[in-house]
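1. Here is the input, now give the coordinates:
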Amino acid sequence: ITHERDVEIQLLEPLLNSMDWYENKDFIRQLPIHAGRGHRVFPDYALHYDNKPDYEKASVLIEAKLYMKNNQEIEEAFKQARSYANILESPVIVLCDKQCLLVYEKKDSFDRDRYIKYYWSELDNSDKFNELKNKLNYK
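-> Numbering: from 1, shown residues only. Okay, here's the model as predicted:
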């Protein structure tokens with residue numbers, strides 16, 4: 001795994017597919033969303049996406065990175081994902097890289113320091129897998 005897209009193709013998409021969620025049915029990649037007048041941003045993945053006229057919403061926003069090697073990189077990815085999540089009214093944010101997934105659940109707001117970490121290797125464990133799936137099955 002040497003690129004961000006490798007994380008998406010080799011880790012994230014197979015995980016979502018194993019949860020019976022599929023592209024263009026349950027999730028959308030690089031969803032163009034409105035962010036201000038005439039400006040569009042493209043979150044990596046919007047899971048459980050609802051598109052009605054003048055209304056865009058996704059239950060889970062997923063931002064993939066190659067490797068978040070320190071707190072500053074996690075912070076930058078979090079701020080980026082949180083801005084998308086606010087636009088799409090997403091109650092769950094997932095940051096993922098080649099090592100792990102960080103799952104943030106919105107209480108009153110998103111708390112950068114309140115998350116659950118799942119390592120990819122742990123997801124072979126059915127309890128961990130189901131725990132993660134339940135968190136992402138937010139509708």
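
2. alpha carbons only for contacts and neighbour counts from here, please
-> Will do.

3. how about the helices in the protein?
-> 4-6, 13-18, 71-88, 126-136 (DSSP state H).

4. TSV for the ones you listed, including distance to residue 35?
-> TSV is the format used below for the helices of the chain (distance: least, CA to CA, whole Å):
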stretch	distance to residue 35
helix 4-6	23
helix 13-18	26
helix 71-88	7
helix 126-136	24
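
5. Ok, which of these comes nearest residue 25?
-> Residue 25 lies closest, by CA to CA, to one member of these: helix 13-18, at 11.0 Å.

6. give me the number of residues near residue 98?
-> If you count neighbours by other CA atoms under 10 Å, residue 98 ends up with 22.

7. and the helices of the chain as TSV, adding mean neighbour count?
-> Listed next are the helices of the chain as TSV, based on neighbours: other CA atoms under 10 Å:
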stretch	mean neighbour count
helix 4-6	16
helix 13-18	15
helix 71-88	17
helix 126-136	15
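
8. Quick one: the ones you listed as TSV, columns for distance to residue 29 and mean pLDDT too.
-> Listed next are the helices of the chain as TSV, based on distance: least, CA to CA, whole Å; pLDDT from 0 to 100:
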stretch	distance to residue 29	mean pLDDT
helix 4-6	11	97
helix 13-18	10	98
helix 71-88	13	95
helix 126-136	16	98
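
9. which ones are touching the residue nearest the centre of the chain?
-> With distances taken as CA atoms, centre = their mean, the residue of the chain nearest its centroid is residue 62 (1.3 Å). The contact partners of residue 62, by CA atoms under 8 Å, 6 or more residues apart in numbering, come to 43, 44, 45, 46, 47, 81, 93, 94, 95, 96.

10. and those residues, which of them are in strands?
-> Per DSSP state E, strands hold the following members of the contacts of residue 62: 45, 46, 47, 93, 94, 95, 96.
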